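K.L.:
below are the sequence and a predicted model for it; my questions follow.
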Amino acid sequence: MAALTEEQTMLRDMAREWADNESPVTAFRKMRNGAPASFYDPEAWAMQAEMGWAGILVPEEHGGVGMGYLSLGLVIEQLGRNLAATPLAATAAATGAILLGGSDAQKAEWLPRIAAGEIVAALAVDEGPRFAPESIEAAVEGGRLNGAKQFVAEGDSAQLFVVAAADGLYLVAGDEGVTRAPRKMTDSRSHAQICFKNAPATRLEGGEDLLTQVTDRAAIAVSAEMLGMAESAFAQTNDYLKTRVQFGQALASFQALQHRMARMFTELELMRSAVEGALEAADSGRANISQEASLAKAVANETLHLVSREMVQLHGGIGMTDEHDAGFYLKRARVLEQMWGNAAWHRDRFARLNGY
């Protein structure tokens, strides 16, 4: 496990308390049933911004707190426990791109607004149903971007897009030349097709591997959310087995079920190690961050897949109903498993990066 500073411990505990009190799973259910256009609660997002979470990555000179990716991951993990519908992870992914490749003018223009929670930002890369950063057809000519991006997280409400084009990453404001088409996904969160037609675009500088650096950090942040989800799903299932009585004894007393829970517990410990290691790699700028990112995302994908599936199965019939929360975890898990690369994609890349 990562060694946390006193400040990081306080941040984690504050995020956990806020999520439990202000954004329990019942708040997500209410949002889903209301189906707002933004697919999140603007008041809750404003509260998160007031607590400084929107500016965790943003340096102090631009109005943020500059605490880094490990601190961001701690917050996202706690929000993930309760399936909090928030644009924090998507905005952080775009923020990371600006920090890595933005000019002084671009940083001065956008980072203070992001830190204040005034805007939601989104990273738009995929042009097909799967993560394929090597297949980008969107193009910029004369400062104007043309192309379409599929399944952009928080694309319904983003005021700023970081867009992958054939020759690099570009900043595009979400107004002129931008049209949105909502995509209803099983997790009831914001996903949209974004079409750019002669949209004004300004290029980010940062070298040929900027897109890789940005998507690695986005994958790491998503892995932190998946860690929180897996921890919560495991805890809820464990509590249920201890209280549910069958054949005159608690389900937790059956050895076969104990073995299944023990397997999940060990996989969760490995998942935490991989995710926190990747977050620390993002902060330290280690050369092996791509390996760390792929390890974290592959392990997170497979572990959350296991735990969310077992949550439904071990809850029995009630786990199959919409009235129970188990389905929410499973549905969100399946979407996040595909975001920024599925397990097979990351395992293949991890092998290639290590010379296999």
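P.N.:
Good, I have the coordinates.

K.L.:
quick one: the helices in the stretch 1-150 of the chain?
P.N.:
When secondary structure is read from DSSP state H, counting those that start in this stretch, the stretch 1-150 of the chain shows helices at 6-22, 25-34, 42-50, 69-81, 88-101, 104-115.

K.L.:
which of those helices sits closest to residue 62?
P.N.:
Minimum separation from residue 62 across the helices of the stretch 1-150 of the chain (Cβ to Cβ) falls at helix 104-115, 3.8 Å. Any C-beta I mention is one placed from the backbone N, CA and C, and that applies to glycine too.

K.L.:
give the other helices and strands that the closest one contacts.
P.N.:
helix 88-101 (3 or more Cβ pairs under 8 Å, 6 or more residues apart in numbering; DSSP states H and E).

K.L.:
tell me the most buried of the helices of the stretch 1-150 of the chain?
P.N.:
Comparing those by mean neighbour count (mean count of other Cβ atoms under 10 Å), helix 69-81 ranks first with a mean of 27.

K.L.:
picking up where we left off before, let's have the helices of the stretch 1-150 of the chain in a markdown table, adding distance to residue 271.
P.N.:
As requested, the helices of the stretch 1-150 of the chain are arranged in a markdown table below (distance: least, Cβ to Cβ, whole Å):
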| stretch | distance to residue 271 |
| --- | --- |
| helix 6-22 | 17 |
| helix 25-34 | 21 |
| helix 42-50 | 25 |
| helix 69-81 | 11 |
| helix 88-101 | 17 |
| helix 104-115 | 29 |
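
K.L.:
possible to save those as JSON lines with distance to residue 155 and mean pLDDT?
P.N.:
JSON lines is the format used below for the helices of the stretch 1-150 of the chain (distance: least, Cβ to Cβ, whole Å; pLDDT from 0 to 100):
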{"stretch": "helix 6-22", "distance to residue 155": "24", "mean pLDDT": "98"}
{"stretch": "helix 25-34", "distance to residue 155": "17", "mean pLDDT": "96"}
{"stretch": "helix 42-50", "distance to residue 155": "16", "mean pLDDT": "97"}
{"stretch": "helix 69-81", "distance to residue 155": "19", "mean pLDDT": "98"}
{"stretch": "helix 88-101", "distance to residue 155": "9", "mean pLDDT": "98"}
{"stretch": "helix 104-115", "distance to residue 155": "16", "mean pLDDT": "98"}
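
K.L.:
nearest to residue 313, of these?
P.N.:
Using Cβ to Cβ, the helices of the stretch 1-150 of the chain put helix 25-34 closest to residue 313, at 19.2 Å.

K.L.:
quick one: low-confidence parts of the chain?
P.N.:
Across the chain, not a single residue meets the criterion (pLDDT under 70).

K.L.:
for the residue lying closest to residue 168 once chain neighbours are set aside, give the beta-bridge partners.
P.N.:
Nearest non-adjacent residue to residue 168, counting by Cβ to Cβ, 6 or more residues apart in numbering: residue 203, 5.7 Å away. Applying DSSP bridges to residue 203 gives these bridge partners: residue 170.

K.L.:
numbering from 36 from now on, please.
P.N.:
In the new count, where the first residue is 36, that last one comes out as residue 238.

K.L.:
picking up where we left off before, mind checking which of the helices of the stretch 36-185 of the chain is nearest residue 283?
P.N.:
Of those, nearest to residue 283 by Cβ to Cβ is helix 60-69, at 31.3 Å.
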